[in-house]
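S.K.: just a sequence and a predicted model for now, questions to come.
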Amino acid sequence: MDAANESILLLARETSSRSLSPLEQEIVDLFDQLRAPLLRYSLSFGVPVQDGEEVVQEVFLSLFRHLQQGKSRANLRGWVFRVAHNLALKRRAASNFVDSNSTDATAAFPDPAPNPEDQFASNQAQQRVLAVFRVLPEQDRRCLILRAEGLRYREIAQVLGMSLGAVSMSLSRSLARLARAADR
């Protein structure tokens, strides 16, 4: 058992025998709110699901330590996405993942429309949009993914270490390219 899992197990045992402190309750609430978006974001790096789940665990252990040490509480949502970003990159590099485009994490779901012609046309449009998405620069893809997760431009800028103007330009440029692909 690694140190992160031991820490989680110790924390779980400790908190099961007593009520949660305000800090612990805050972490639990943030975990409930951000677990799924963080996992989706981690998977967008092309890491396996198990590694993505470990990234999420590590993020919240880091958050607990961060807050326990009395460090800044400013923009915790952006902070946890930044930590997830860094950990997912490390996990991908450690696993020798060459291309994040090789995953089906961003694959479109088939349209349940009963008309085969409409379904075919819709699938063709989805494939064009997905193809355009895959050839976007990695930074532009990350901006789009974080925006889809509901982060504001400032939070995206903080997570990716970009200026606010660069985030705006990236999203505008990427959305225009995706819209053109969808309209063809």
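M.R.: Nice, I can see it.
S.K.: what's in contact with the longest helix along the chain?
M.R.: Criterion DSSP state H: the longest helix present in the chain is helix 22-43. Helix 22-43 is contacted from outside by 11, 15, 20, 49, 51-53, 55-56, 59-60, 63-64, 67-68, 76-77, 80-81, 84-85, 87-88, 91, 103, 105, 145-146, 149-150, using C-beta atoms under 8 Å, 6 or more residues apart in numbering. In short, each C-beta sits where N, CA and C put it, glycine included.
S.K.: quick check: the gap between the spatially most central residue of the chain and Leu136.
M.R.: Centroid-nearest residue in the chain, with C-alpha atoms, centre = their mean: Tyr41, separated by 1.6 Å. Using C-beta to C-beta, to the nearest Å, Tyr41 is found at 16 Å from Leu136.
S.K.: same deal with His66?
M.R.: Counting by C-beta to C-beta, the separation of His66 from Leu136 is 32 Å.
S.K.: residue ranges with poor pLDDT in the protein?
M.R.: Scanning the chain for pLDDT under 70 picks out 1-18, 96-116, 118.
S.K.: show me how it divides into domains.
M.R.: With domains defined by automatic domain parsing, the chain comprises 1-99, 113-184.
S.K.: CA-only coordinates of the longest helix of the chain in CSV, if you can.
M.R.: Extracted C-alpha coordinates of helix 22-43, given in CSV (Å, rounded to 0.1, in the frame of the first residue of the first chain):
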residue,chain,number,x,y,z
PRO,A,22,-14.8,22.1,9.4
LEU,A,23,-11.6,21.6,7.2
GLU,A,24,-12.4,17.9,6.6
GLN,A,25,-16.0,18.7,5.8
GLU,A,26,-14.8,21.4,3.3
ILE,A,27,-12.6,18.8,1.6
VAL,A,28,-15.4,16.3,1.5
ASP,A,29,-17.7,18.8,0.0
LEU,A,30,-15.1,19.9,-2.6
PHE,A,31,-14.5,16.2,-3.4
ASP,A,32,-18.2,15.6,-4.0
GLN,A,33,-18.4,18.6,-6.2
LEU,A,34,-15.2,18.3,-8.2
ARG,A,35,-14.4,14.5,-8.4
ALA,A,36,-16.1,13.8,-11.7
PRO,A,37,-14.8,17.0,-13.5
LEU,A,38,-11.3,16.3,-12.3
LEU,A,39,-11.4,12.7,-13.4
ARG,A,40,-12.6,13.7,-16.8
TYR,A,41,-9.9,16.3,-17.1
SER,A,42,-7.2,13.8,-16.0
LEU,A,43,-8.5,11.2,-18.5
